[in-house]
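Participant: give the three-dimensional model of this entry:
(2 chains)
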Amino acid sequence: MGEVVALRVTDLSFGYDDGASFLGPLDFEIGKGGLTAIVGPNGAGKSTLLRLLVGFLSPRRGAVLLGGKSLSDLDLQTRARRIAFLPQDARLPDDLTVRRIALLGRYPHKRYSLFDSDDDLRVADDALRATDTIQFAERTLSTISTGERQRVLLAGAMAQAPELYVLDEPTSALDPYYQLSIFRILRGLCDKGDAVVLATHDLNLAGRFADRILLLRSGKAVAYGPPASVLTTEQLRTAFDVSFDVLEGGADDCPRVYPAELVEGVRS
Amino acid sequence: MTGRPLSLARFSIYISLSVFVVVALLVVSPGFGSSPIGIVEAWRSWSQPERDVHYIAFQLRMPQTILALMAGASLALCGAVFQTLFRNVLATPYTLGIASGGALGALIAIKCGLTFVFLGFGGDVWCAFAGAGLVVGLVLGATRRRGAVSGNTLILGGVTIGLFCSAMMMFVTYLSDVKETFFIVRWMMGGIDTIGWSELVRMLGPLSVAFIVLLYSSRALNQFELGDEIAQSRGVHTGRLRWVCIVFASLATASVVALCGPIGFVGLIVPHGVRLVVGRDHRLLLPCAALWGGAFLIVCDWLRKLLPVWFASLIGREVSAFPLPIGVMTAVIGAPVFVFMLWRKRSV
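Facilitator: Okay, here's the model as predicted:
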């Protein structure tokens, strides 16, 4: 975990319209060079929290501070140069080419320039190389697999050259090869000093690659901290209504968790 | 081709080629029409305003060609913008009901004799803009759910309100006398039978404003293709951009509809064809769609004048030498292309 804080969330709560707050209050920090995973059951508020972190939604109370400044005080362009976001179900035209998606990531850095510069092309191609998709550069999205497509989207986010990546379930619907490859790319970004926060349902990959895990249930934090302190039988049971088998001391000395039984009578 | 970076050289090649085609069409256009006047003869009469040839070439044909250029460019540009805004290749000012709303507004202005001029725009343009704006408000108001609009729902809403506006136009026609009815029916077929230059000057203001705004939005529209959330995360004010584009595309559509009546299919097929050649990059797509939309309507203008003449010589008999309505011509070409597009969409 990096020493410097990239994003700080203080007393954050959120609710739609006049309804009761269904998220928060939450307090946590995302360190520079750190990977934070947000896990929890469906409807726990993971995606809502991510949208608060990028400023799509305004908190009812509390604040999201980016480099010490409230997100609401930063204009959209400034935010775009510092935070990249990938939604869970990005639907792109099939005839967009891979290189073009990477080049589109340069938008926040080119306010008045109409044309793509050599520098834009270099950054975009570097991002494609980092995600191992440069060999598809001239191909359209329709000709590559879902896993490759996800890496291309990630390349677009990397071309944005942000300091914080916010990703909503970047490995959903991917096979283990691509899941692992995406997490390795993200880990590489953290090693270079960027911060990553993502929502995921894969507890084992979160446990292996994340520095911190935020475990949510019904908008409230069940636990927050290093994987070994969050992925415990008791806390997972509280969050998911499932009893888990937790095996200590797996690869990289992180716990392995397996859903064992439903806790009957909790959910209708 | 669609994914290549946009350099100054690539941009210049495509734009120069498109401009060359449009200029070439403008140069030869005084020679095309029902009366056989050669291109050279027409241009020879340039400095001889007393000659009949000069009147035909530069007071009848050239203004009609320029009007076709302006109308075609506007409709194709608006079509390209709407197709991106609503992520639907079938979205145009017509399928969204905006043109029908504008036409109904203009028709009411014509029927009520609203000939005032305000801020340089005539009463028909203001009423067309009001009609188009009302339809935009109705369609978006009826189809928005928590700030989001589904493309298909929007098209369905637009088609429904467009049909309602068409029915109201028929009702206005029903209330008119024979002379008015003839004028209205001909206007609703789409016409660019302008005489002289004053109408063009009147259109220039609203179209220039709309073109500047829409072309300026091209970079942000590129981000729109990635979805609202990614576009927003890249610094695009998606809500603001959507409204600005809708308002100014409606202004351009209303200006065209007020003068030419509803002309279908240009906004549908031209952006699609141009997209196949230059790709999806709006920095290139929008200006090229505008230029080729203008070129398409100029060619349709020639065909509508020449087809009756050709047909007459083919059957060896005298037939009406009246040019066909331009809306009929664009439909004859556009409908088969549109069906082909639907067939391709099904096969994808």
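
Participant: so who does A:G67 touch?
Facilitator: A:6, A:82, A:163 (C-beta atoms under 8 Å, 6 or more residues apart in numbering or on different chains). Bear in mind the C-beta positions are built from the backbone N, C-alpha and C, glycine included.

Participant: ok, B:I263 - contacts?
Facilitator: B:71, B:75, B:190, B:256, B:297, B:326-327, B:330 are the contacts of B:I263 under C-beta under 8 Å, 6+ apart.

Participant: hmm, B:S18 is touching B:A289, no?
Facilitator: No: contact between B:S18 and B:A289 fails when scored by C-beta atoms under 8 Å: they sit 9.4 Å apart.

Participant: how about low-confidence regions in the stretch 1-150 of chain A?
Facilitator: A:1-3 (pLDDT under 70).

Participant: if you set the cut-off to 90 instead, what comes out?
Facilitator: Along the stretch 1-150 of chain A, the parts satisfying pLDDT under 90 run over A:1-6, A:15-22, A:24, A:31, A:67-68, A:72, A:88-95, A:110-117, A:146-147.

Participant: give me the residue from it nearest chain B.
Facilitator: Closest contact between the stretch 1-150 of chain A and chain B, by C-beta to the nearest C-beta, is at A:T97 (2.4 Å).

Participant: what does the stretch 151-268 of chain A give?
Facilitator: Going by C-beta to the nearest C-beta, chain B is nearest to A:Q160 of the stretch 151-268 of chain A, at 6.9 Å.

Participant: how about that residue, phi and psi?
Facilitator: In terms of degrees, to the nearest 10, the main-chain angles of A:Q160 are phi -70, psi -20.

Participant: what sits against it?
Facilitator: A:80-81, A:84, A:105-109, B:234.

Participant: and which of the residues you listed is nearest to B:W46?
Facilitator: If you rank the contacts of A:Q160 by distance to B:W46 using C-beta to C-beta, A:Y107 comes first, at 47.5 Å.

Participant: for the residue nearest to the closest one when sequence neighbours are not counted, phi and psi?
Facilitator: Leaving aside its chain neighbours, A:Y107 sits nearest to B:R234 (4.7 Å; criterion: C-beta to C-beta, 6 or more residues apart in numbering or on different chains). Phi and psi for B:R234, reported as degrees, to the nearest 10, are phi -90, psi 0.

Participant: how about CSV for the contacts of B:I263, with secondary structure and neighbour count added?
Facilitator: Compiled in CSV, the contacts of B:I263 are given as follows (DSSP: H, G, I helix; E, B strand; the rest coil; neighbours: other C-beta atoms under 10 Å in any protein chain shown):
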residue, secondary structure, neighbour count
B:A71, helix, 30
B:L75, helix, 36
B:G190, coil, 26
B:V256, helix, 33
B:L297, helix, 29
B:I326, helix, 28
B:G327, helix, 25
B:T330, helix, 27
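
Participant: so which of those residues comes closest to chain A?
Facilitator: For the contacts of B:I263, the nearest to chain A is B:L75 (22.4 Å; C-beta to the nearest C-beta).

Participant: can you tell me the element A:F85 falls in?
Facilitator: strand A:83-86 (DSSP states H and E).

Participant: using CSV, write out every CA atom in that strand.
Facilitator: Extracted as CSV, the C-alpha positions of strand A:83-86 are listed here (Å, rounded to 0.1, in the frame of the first residue of the first chain):
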residue,chain,number,x,y,z
ILE,A,83,-9.7,9.7,-12.8
ALA,A,84,-10.6,7.1,-15.5
PHE,A,85,-13.8,5.1,-15.2
LEU,A,86,-15.0,1.9,-16.9
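
Participant: give the buried residues for stretch B:287-305.
Facilitator: For stretch B:287-305, the neighbour count (16 or more other C-beta atoms under 10 Å in any protein chain shown) marks B:287-305 as buried.

Participant: stretch B:34-51 too?
Facilitator: Those would be B:34, B:37, B:42-43, B:45, for stretch B:34-51 by 16+ other C-beta under 10 Å.

Participant: and the gap between B:E199 and B:D177?
Facilitator: As judged by C-beta to C-beta, to the nearest Å, B:E199 and B:D177 stand 25 Å apart.

Participant: residues contacting B:M189?
Facilitator: Counting by C-beta under 8 Å, 6+ apart, B:M189 touches B:261, B:325-328.

Participant: so where do the strands sit in the chain?
Facilitator: The chain I'm using is chain A. A:5-14, A:23-31, A:35-39, A:61-66, A:69-70, A:83-86, A:164-168, A:195-199, A:212-217, A:220-225, A:242-247, A:256-262 (DSSP state E).

Participant: oops, chain B please
Facilitator: Counting by DSSP E, the strands of chain B are B:117-118, B:121-122, B:144-145, B:148-149.

Participant: re earlier: the strand holding A:F85 - contacts with which helices or strands?
Facilitator: helix A:146-159, strand A:164-168, helix B:228-233 (3 or more C-beta pairs under 8 Å, 6 or more residues apart in numbering or on different chains; DSSP states H and E).

Participant: from the contacts of A:Q160, which single one is nearest B:G316?
Facilitator: A:Y107 (62.3 Å).

Participant: so the closest one is in contact with B:L221, correct?
Facilitator: No: taking contacts as C-beta under 8 Å, A:Y107 lies outside contact range of B:L221: 11.1 Å.

Participant: which residue is nearest the centroid of chain B?
Facilitator: Nearest to the geometric centre of chain B sits B:L75, at 2.4 Å (C-alpha atoms, centre = their mean).

Participant: hmm, B:S255 and that residue touching each other?
Facilitator: No: using C-beta under 8 Å, B:L75 makes no contact with B:S255, being 10.7 Å away.

Participant: so B:E199 and B:D177 - more neighbours on which side?
Facilitator: B:E199 (18 against 7; other C-beta atoms under 10 Å in any protein chain shown).

Participant: that one: what's it in contact with?
Facilitator: By C-beta under 8 Å, 6+ apart, B:E199 lies in contact with B:63, B:67, B:259.

Participant: most surrounded residue in these?
Facilitator: Highest count within the contacts of B:E199 by other C-beta under 10 Å belongs to B:L67, 25 neighbours.

Participant: coming back round to it: quick one: contacts for the residue nearest to the centre of chain B?
Facilitator: B:L75 makes contact with B:92-93, B:253, B:256, B:263, B:266-267, B:270, B:293, B:297, according to C-beta under 8 Å, 6+ apart.

Participant: what does chain A have sitting close to chain B?
Facilitator: A:54, A:56, A:76-77, A:79-81, A:83-87, A:90-101, A:103-105, A:107-108, A:110, A:114-116, A:120-121, A:137-138, A:140, A:156, A:160 (C-beta under 8 Å from any C-beta of the partner chain).

Participant: tell me the pLDDT of A:V257.
Facilitator: We have a pLDDT of 89 for A:V257.

Participant: quick check: beta-bridge partners of it?
Facilitator: A:V257 forms beta bridges with A:V246, as assigned by DSSP bridges.

Participant: for it, the count of nearby residues, please.
Facilitator: Using other C-beta under 10 Å, A:V257 has 22 other residues around it.

Participant: wait, doesn't it sit right on A:V230?
Facilitator: No: counting by C-beta under 8 Å, A:V257 stays clear of A:V230, with 10.2 Å between them.

Participant: tell me the spacing between the nearest residue to B:Q232 once chain neighbours are set aside and B:G316.
Facilitator: Nearest non-adjacent residue to B:Q232, counting by C-beta to C-beta, 6+ apart: B:T238, 5.1 Å away. The gap separating B:T238 from B:G316 is 61 Å, by C-beta to C-beta.
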